[in-house]
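Colleague: Build me a model:
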Amino acid sequence: MNIPFMDLSDCYDQIYDEVMEKIKGLIHNTRFVGGEEIDKFESEFADYCNVDYAVGCGNGTDALTLSLKALGIGSGDRVITVPNTFIATAEAITNVGAEVDFVDIEEDFYTMDPNKLEDYLKRKDSLSDIKAIIPVHLYGQMADMEAIMEIADTYNLKVIEDAAQAHGAKLKNSPPGKYGDIATFSFYPGKNLGAFGDAGAVITNDKDIAKRVKILSDHGRKEKYFHQVEGYNSRLDSIQAAVLRIKLKYLAEWTSKRREKAKYYNQMLEDKNVITPKCREEAKHVYHLYPIKVKERDKVKDFLAQQGISTGIHYPVPLHLQPAYNYLDYSEGKFSVSERVSKELISLPLWPEIKFEQIDYVCNQIQV
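Modeller: Next up is the predicted model:
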């Protein structure tokens, strides 16, 4: 049996006719940038996230960059995040001229450890240059936002939730965007809510932040040829907005299927010598990925590949040990949990329509 890591064609088959009809209409009307599809998607996505404002943009990395700029963060400032994330999180910080600081993650949930965050802040001689925290909601689960927000409030720090992998996730019935000043999303095709290319969004309950993000995303202008600030070319295009509007209607159904398949994985792997994903108390995990922790991870990955099973590693090298961040002079052992899980986590195939017999096959091949 050959099993891909992810099969996007299953969900596309379900919505193909609806999407093609919408795209034909956009082509006929030649409205590719701006217009009602974007306005409607922003309104619908804000409703879905239970916030007041959503602003579409070019991609998830831009969503982080625009958020930092909208908060006035730049040269001379420092922003705290985690090393166990995709480089976009740290990249956005340095792209606005700020400096990135890392704190380690929790052993069980792989997200920012509030205790280590507080320890880091307490050890600093001066906090004047630290302006914000970017906790990352990882693999489909939210970080411990209650504890992080308590620390942020104590130290007067802004909070941007990186929710690129957490569409529909909740913590104590609150989704991303209800805790921090801002939450950002990627709609890369493989995300739980994915476009037909790159796309992203910023959500917030702050009207002024939403206005600043909107202006910054469109060359710093409110109207054509009149620019308040230097901005970016990071507009969500009409076709992607239209696709996202259609897929948003199915997201609850697809999320339910992901959770059902993850539960089945949990049952099938109960007697294996692996650690399955743990879910926080009073949290809704949406299983963007299904990572298990195993010893001799690389041997397991190679063996599964020989059996026709594609897997993923998220992430093989923590950011503080990436060549791109050599200039920060972090040594191995600095963030021990991130380093350890980078050697032990392997993501198994998961998408809403994966068949139970495919999961059976994957689990039967895991011989540890």
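Colleague: Can you show me the helices along the stretch 201-350 of the chain?
Modeller: Taking DSSP state H, counting those that start in this stretch as the test, the helices found in the stretch 201-350 of the chain are 207-217, 238-248, 251-268, 297-306, 336-344.
Colleague: What residues does Glu37 make contact with?
Modeller: Residues counted as contacts of Glu37 (Cβ atoms under 8 Å, 6 or more residues apart in numbering) are Leu26, Arg31, Ser238, Ala241, Ala242, Arg245. (Glycine included, C-beta is placed from N, CA and C.)
Colleague: Please, where are all the strands along the stretch 151-300 of the chain?
Modeller: Along the stretch 151-300 of the chain, the segments classed as strands by DSSP state E, counting those that start in this stretch run 158-162, 170-171, 182-186, 200-204, 221-223, 226-227, 283-284, 290-293.
Colleague: where's Tyr71 relative to Leu193, distance?
Modeller: Heads up, residue 71 is Leu, not Tyr. Distance check for Leu71 against Leu193: by Cβ to Cβ, to the nearest Å, it reads 25 Å.
Colleague: roughly how far apart are Gln240 and Asp129?
Modeller: Summarising the geometry, the distance separating Gln240 from Asp129, computed by Cβ to Cβ, is 37 Å.
Colleague: Of those two, give the one with the bigger neighbour count.
Modeller: Neighbours of Gln240 and Asp129, each counted by other Cβ atoms under 10 Å, are more numerous for Gln240; the result is 24 against 13.
Colleague: quick one: that one from Gly190, how far?
Modeller: Applying Cβ to Cβ, one obtains 15 Å for the distance of Gln240 from Gly190.
Colleague: Of the strands of the stretch 151-300 of the chain, which is nearest Glu253?
Modeller: Checking the strands of the stretch 151-300 of the chain against Glu253 by Cβ to Cβ gives strand 283-284 as the closest, at 14.9 Å.
Colleague: just to revisit the earlier point, among the contacts of Glu37, show me the least confident.
Modeller: pLDDT across the contacts of Glu37 is at its lowest for Arg31, which sits at 81.
Colleague: Quick one: residues contacting Ala70.
Modeller: Residues in contact with Ala70 (Cβ under 8 Å, 6+ apart) are Ile182, Val202, Ile209, Arg212, Val213, Leu216.
Colleague: quick one: pLDDT of the fourth one?
Modeller: By that I understand Arg212. pLDDT, Arg212: 98.
Colleague: Over to the last one?
Modeller: Here the pLDDT value assigned to Leu216 is 98.
Colleague: what does the third one give?
Modeller: The predicted structure scores Ile209 at 98 on the pLDDT scale.
Colleague: Ok, the first one next?
Modeller: Turning to Ile182, the model gives it a pLDDT of 98.
Colleague: list the contacts for the residue nearest to Leu348 when sequence neighbours are not counted?
Modeller: Spatial nearest neighbour of Leu348, chain neighbours left out: Tyr290 (5.0 Å); criterion: Cβ to Cβ, 6 or more residues apart in numbering. When the contact criterion is Cβ under 8 Å, 6+ apart, the partners of Tyr290 are Tyr139, Ala262, Tyr265, Pro277, Ser347, Leu348, Pro349, Leu350.
Colleague: Quick check: bridge partners of Ala183?
Modeller: With beta bridges defined as DSSP bridges, Ala183 has these partners: Glu161, Ile203.
Colleague: close enough to count as contact, it and Glu161?
Modeller: Yes: the pair Ala183 and Glu161 qualifies as a contact (Cβ atoms under 8 Å) at a distance of 3.9 Å.
Colleague: Overlap of the contact sets of the two?
Modeller: Between them, Ala183 and Glu161 have Pro176, Gly177 as joint contacts when contacts are counted by Cβ under 8 Å, 6+ apart.
Colleague: Can you tell me which of the contacts of Tyr290 has the largest number of neighbours?
Modeller: Across these, the neighbour count under other Cβ under 10 Å reaches its highest value at Leu348, namely 25 neighbours.
Colleague: residues touching that residue, list them.
Modeller: Applying Cβ under 8 Å, 6+ apart, the residues contacting Leu348 are Tyr265, Tyr290, Pro291, Ile292, Ile309, Thr311, Val362.
Colleague: Asn273 versus that one, what's the distance?
Modeller: Here Leu348 is placed at a distance of 15 Å from Asn273 (Cβ to Cβ).
Colleague: What of Asp329?
Modeller: Asp329 sits at a distance of 38 Å from Asn273 (criterion: Cβ to Cβ).
Colleague: so what's Asp129 scoring on pLDDT?
Modeller: In the predicted model, Asp129 carries a pLDDT score of 97.
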